[in-house]
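1. quick one, what's the 3D model for this:
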Amino acid sequence: MQLNEKIYIAGHRGMVGSAILRSLKQKGFKNIIYRSSSALDLRNQQAVEDFFEEEKPAYVFVAAAKVGGIIANNTYRADFLYDNLMMESNIIHSAYKNNVSKLMFLGSSCIYPKLAPQPLKEEYLLTGLLESTNEPYAIAKIAGIKLCEAYRDQYGCNFISVMPTNLYGTGDNYHPQNSHVLPALIRKVHEAKENNSSKVVVWGTGNPRREFMFADDLADACVFLMENYSEKAFVNIGVGTDISIRELAELVKEVIGYNGSFVFDTSRPDGTPQKLMDVSRLHALGWKHTISLREGIQLAYKDFLKREVVEG
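-> This next block holds a predicted model:
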């Protein structure tokens, strides 16, 4: 990418999109375009086509998505499937019609089968059943990968896909019901500390293992791959190590300085037993993460405190 070429970030207000925007600006890219969801409904095919015809971006990052944690995914199943299918389909098709030089589609580690061998290699896609609670979201993301592959095969489009692991960081969602596990823990532990509560309830058994990457690391990897990778095969993006939810809760407790204990609500679903990405392909290309989990949680907690002041 040349510094003056037009780059479109779909989903620039989200945690991932805003991190990509920061990364591009830090690297000197200045011709970056974006639209809020109120200005451009990505589910509206005609609106997306009009936008692409008018702006003619050279590069596109598809970071727009309807996202949420286990409860949100399982409750709003139709919304997660429909909204994500429509957004990615409209963007990818319009990118093809308007001769976009290169497009990157961001998927999710939930695309892999629930009981796939660990760590998750890219070739494990579609080798088994998905985790039922987030199956609609996963199917939408798999469709996005296959759309990129199909437009490459049929039309020669330079469309690539990346699969991020579990993400957290600046601009995360801390909603008590609809957030992912790490931001949910940050909020719960912070509120327990503020209210002098002796216990914090954590959903599930605490045994599932998850891998976590700070969003700014992901953004740096995305820009790196946009500039250095153009193959059909999608690429996992992660840190290559995981941690149990119980261990994660203890780490959040240490960072925040909470002295209480945890109670694990086993009536709540655990989800997939383990999700650890094989990142050997990414490492072989020459990129590795730089932000440790403890450092990332410290940064995320600072962001949470700033937002609490603003929103409170």
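2. residue boundaries of the strands in the protein?
-> 7-10, 32-33, 59-62, 102-106, 159-164, 166-168, 199-203, 209-210, 212-214, 235-237, 243-244, 261-265, 274-275 (DSSP state E).
3. just name the most buried of those strands.
-> Of all the strands of the chain, strand 59-62 has the most neighbours on average by mean count of other CB atoms under 10 Å, namely a mean of 26. For glycine as for every other residue, the C-beta is placed from the backbone atoms N, C-alpha and C.
4. okay, that one in CSV with CA atoms only?
-> This file holds the C-alpha atoms of strand 59-62, laid out as CSV (Å, rounded to 0.1, in the frame of the first residue of the first chain):
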residue,chain,number,x,y,z
TYR,A,59,-7.9,-1.2,-0.2
VAL,A,60,-10.6,-2.4,2.1
PHE,A,61,-10.5,-3.8,5.6
VAL,A,62,-13.8,-5.6,6.5
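5. about what we covered before: going by mean pLDDT, which of the strands of the chain comes out lowest?
-> Mean pLDDT values for the strands of the chain show the minimum at strand 274-275, a mean of 86.
6. give me the contact list for that one.
-> Contacts to strand 274-275, defined as CB atoms under 8 Å, 6 or more residues apart in numbering, come from residues 109-110, 112, 118, 120, 165-166, 208-211, 242.
7. again with stretch 37-56
-> So stretch 37-56 is in contact with 6, 8, 10, 13, 33, 35, 64, 82-83, 86-87, 89-91, 93-95, 97-98, 100, going by CB under 8 Å, 6+ apart.
8. where does this structure have low pLDDT?
-> 176, 178, 309-312 (pLDDT under 70).
9. all helices for it, in order.
-> With helices called from DSSP state H, the chain shows them at 15-26, 45-55, 70-75, 77-97, 135-155, 181-194, 215-228, 245-256, 280-285, 293-311.
10. if we can go back for a sec, got the strands of the chain as JSON lines, with distance to Y137 columns?
-> Listed next are those as JSON lines, based on distance: least, CB to CB, whole Å:
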{"stretch": "strand 7-10", "distance to Y137": "17"}
{"stretch": "strand 32-33", "distance to Y137": "27"}
{"stretch": "strand 59-62", "distance to Y137": "15"}
{"stretch": "strand 102-106", "distance to Y137": "13"}
{"stretch": "strand 159-164", "distance to Y137": "13"}
{"stretch": "strand 166-168", "distance to Y137": "13"}
{"stretch": "strand 199-203", "distance to Y137": "18"}
{"stretch": "strand 209-210", "distance to Y137": "16"}
{"stretch": "strand 212-214", "distance to Y137": "18"}
{"stretch": "strand 235-237", "distance to Y137": "18"}
{"stretch": "strand 243-244", "distance to Y137": "23"}
{"stretch": "strand 261-265", "distance to Y137": "23"}
{"stretch": "strand 274-275", "distance to Y137": "14"}
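11. those: which one's closest to G68?
-> Distance to G68, taken as CB to CB, is lowest for strand 166-168 among the strands of the chain, at 12.9 Å.
12. strand partners of that closest one, parallel vs antiparallel please.
-> Paired strands of strand 166-168, with direction, are strand 212-214 (parallel) (DSSP bridges).
13. what about the partner strand, distance to the chain center?
-> 10 Å (CA atoms, centre = their mean, to the nearest Å).
14. residues making contact with it?
-> With CB under 8 Å, 6+ apart, strand 212-214 has contacts from 164-169, 182, 237-239, 243, 248, 289, 291, 293, 295-296, 299-300.
15. 10 Å instead?
-> Outside strand 212-214, the residues that touch it by CB atoms under 10 Å, 6 or more residues apart in numbering are 19, 109, 164-170, 180-182, 220-221, 237-243, 248, 251, 277, 279, 289-293, 295-297, 299-300.
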